[in-house]
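K.L.:
I need the structure of the sequence given here:
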Amino acid sequence: HAMLRNAVERIFGVIKRRFRILLLPPEYKMDIQAHIPPALCLVHNVIRVHDPNDMMDYRNVLDAHILTDTGNLANGPPTEQARTRASLRRDQIASEMWEAYNRERIQRG
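P.N.:
Modelled structure (predicted):
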């Protein structure tokens, strides 16, 4: 969980530094605003693919880990086995949260 959170925070940091629109008060309706971050991530990824040297402009923002370890989240669609595993894990987490909630509710009376 902590590693994922750190990765997400670094991603947003890079996107916010690259695309200043995310630092300004929104001037668009909410349905438009919801499309801006994913669109900016797409543009960022296209730039990375077609101009890898551009990433060097962010060497002060990114640590070496980010530049070398891009992970394998987008190497293609998930397999059926991966979907099943993710669904089971999601259900397990939901059950654990529900049980913890009920224990807490009982404790509080």
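K.L.:
only C-alpha atoms for contact and neighbour calcs from this point on.
P.N.:
Noted.
K.L.:
quick one: the strands in the chain?
P.N.:
Taking DSSP state E, the chain contains no strands at all.
K.L.:
shaky segments in it?
P.N.:
Within the chain, the ranges that satisfy pLDDT under 70 run 1, 52, 54-76.
K.L.:
what about 50?
P.N.:
Applying pLDDT under 50 to the chain flags the ranges 62-71.
K.L.:
may I ask you to name the longest helix in it?
P.N.:
helix 80-108 (DSSP state H).
K.L.:
helices of the protein, residue ranges please.
P.N.:
In chain order, the chain shows helices spanning 2-18, 30-33, 36-50, 64-68, 80-108, with DSSP H as the criterion.
K.L.:
residue contacts, C41?
P.N.:
Contacts for C41 (Cα atoms under 8 Å, 6 or more residues apart in numbering) come out as I15.
K.L.:
isn't P26 right next to Q33, touching?
P.N.:
Yes - the pair P26 and Q33 passes the contact test of Cα atoms under 8 Å, sitting 7.3 Å apart.
K.L.:
tell me the phi and psi of Y28?
P.N.:
Backbone torsions of Y28, given as degrees, to the nearest 10, read phi -120, psi 160.
K.L.:
one more: P26?
P.N.:
Backbone geometry at P26, expressed as degrees, to the nearest 10, gives phi -70, psi 140.
K.L.:
from now on call the first residue 138
P.N.:
Sure thing, new numbering starts at 138, so read that last one as P163.
K.L.:
do you know how far W235 is from E146?
P.N.:
Summarising the geometry, the distance separating W235 from E146, computed by Cα to Cα, to the nearest Å, is 27 Å.
K.L.:
and what of P163?
P.N.:
With distances defined as Cα to Cα, the gap from P163 to E146 amounts to 20 Å.
K.L.:
over to R226?
P.N.:
Using Cα to Cα, which is the criterion applied here, R226 is 23 Å from E146.
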